[in-house]
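Visitor: I would like the atomic coordinates for the input below:
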Amino acid sequence: MRDAQFNMIEQQIRPWDVLDQQVLDLIGEIRRADFVPEQYRGLAYADFAVPIGHGERMMHPVMEGRLLQALMLHPTDAVLEVGTGSAYLTALLAKAAHHVYSVDIVPEFADAAKNKLARYGIHNVTLEAGDASKGWSQHGLYDAIAICGSLPELPEEFLHSMNRGGRLFAVLGTAPVMQAVLIRRVGENQWSREALFETDLAPLVNAPSRPRFVF
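Guide: Modelled structure (predicted):
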């Protein structure tokens with residue numbers, strides 16, 4: 001499995017413009033196979049959206065790498081993750097940041113994540129069950145937000161849940177072509193938006209169907 005993990009990094013993630021060595025080292029530290037359902041462990045390191053139950057799938061490894069690189073996490077950061085899923089990305093975020101608030105609409109994902117994270121000695125995560133498709137401001141302002149399902153447009157609450165200097169990764173649009181974007185809060189009522197790459201990602205459950213905010 002170590003060879004498969006090395007090959008995933010060197011043959012998939014690095015060639016997809018993930019060049020931050022800290023991000024690559026982080027991905028090498030956490031075994032993706034430990035977060036994949038047992039029947040799919042042979043596909044843990046493949047360029048494949050692994051099913052994890054409840055009609056949900058993991059992100060492709062390359063997208064996880066690009067997300068981490070875009071957010072540029074610091075050891076002091078408070079992070080919101082919308083969509084705990086397998087908890088693999090949760091573990092990566094937690095290793096790089098001060099604290100992660102991870103919420104999923106499927107309670108079973110949050111329950112299963114506790115044991116997975118504990119095996120890695122990861123305790124700086126608050127796991128919650130709930131609908132965060134329109135925002136999750138319960139914990140104040142965040143330094144980084146990772147939205148792990150697509151949205152037609154970004155609900156405004158997410159923008160106002162970011163600290164100044166905060167970063168948000170989201171996949172916006174509708175199938176078959178969507179755009180991964182990085183949004184930064186640069187002032188009290190100012191945000192910048194950078195297009196990262198085109199992709200296709202399953203929508204968040206209960207994703208708003210109408211635009212809430214237009215830049």
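Visitor: what does the helix or strand of the chain with the lowest mean pLDDT rub up against?
Guide: Ranked by mean pLDDT, DSSP states H and E, the weakest helix or strand in the chain is helix 2-7, scoring a mean of 91. If you take Cβ atoms under 8 Å, 6 or more residues apart in numbering as the criterion, helix 2-7 is touched by 28, 31-33, 44-45. Every C-beta, even on glycine, is put in place using the N, C-alpha and C of the backbone.
Visitor: any chance of these in TSV, plus neighbour count?
Guide: Listed next are those as TSV, based on neighbours: other Cβ atoms under 10 Å:
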residue	neighbour count
Gly28	15
Arg31	18
Arg32	25
Ala33	17
Ala44	23
Tyr45	23
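Visitor: so of those residues, which ones are in helices?
Guide: Among these, the ones falling in helices (DSSP state H) are Gly28.
Visitor: Just give me the closest of the contacts of helix 2-7 to Leu151.
Guide: Nearest to Leu151 among the contacts of helix 2-7: Arg32, at 25.1 Å, using Cβ to Cβ.
Visitor: show me the contacts for the nearest residue to that closest one once chain neighbours are set aside.
Guide: With sequence-adjacent residues excluded and distances taken as Cβ to Cβ, 6 or more residues apart in numbering, Arg32 is closest to Ala44, at 4.7 Å. By Cβ under 8 Å, 6+ apart, the residues touching Ala44 are 1, 4, 32-33, 35-36, 50.
Visitor: can I get those in TSV with distance to Ala87?
Guide: Output for the contacts of Ala44, formatted as TSV (distance: Cβ to Cβ, whole Å):
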residue	distance to Ala87
Met1	18
Ala4	20
Arg32	11
Ala33	13
Phe35	6
Val36	11
Val50	13
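Visitor: Buried by neighbour count, from those residues: which ones?
Guide: Those of the contacts of Ala44 that meet the buried threshold are 32-33, 35-36, 50, by 16 or more other Cβ atoms under 10 Å.
Visitor: Can you name every helix or strand that the longest helix along the chain contacts?
Guide: The residue-count maximum for a helix in the chain (DSSP H) belongs to helix 107-119. In terms of contacts (3 or more Cβ pairs under 8 Å, 6 or more residues apart in numbering; DSSP states H and E), helix 107-119 is packed against helix 88-96, strand 99-104, strand 125-129.
Visitor: Relative to the last one, what are the paired strands and their orientations?
Guide: Paired strands of strand 125-129, with direction, are strand 99-104 (parallel) (DSSP bridges).
Visitor: Great, nothing more from me.
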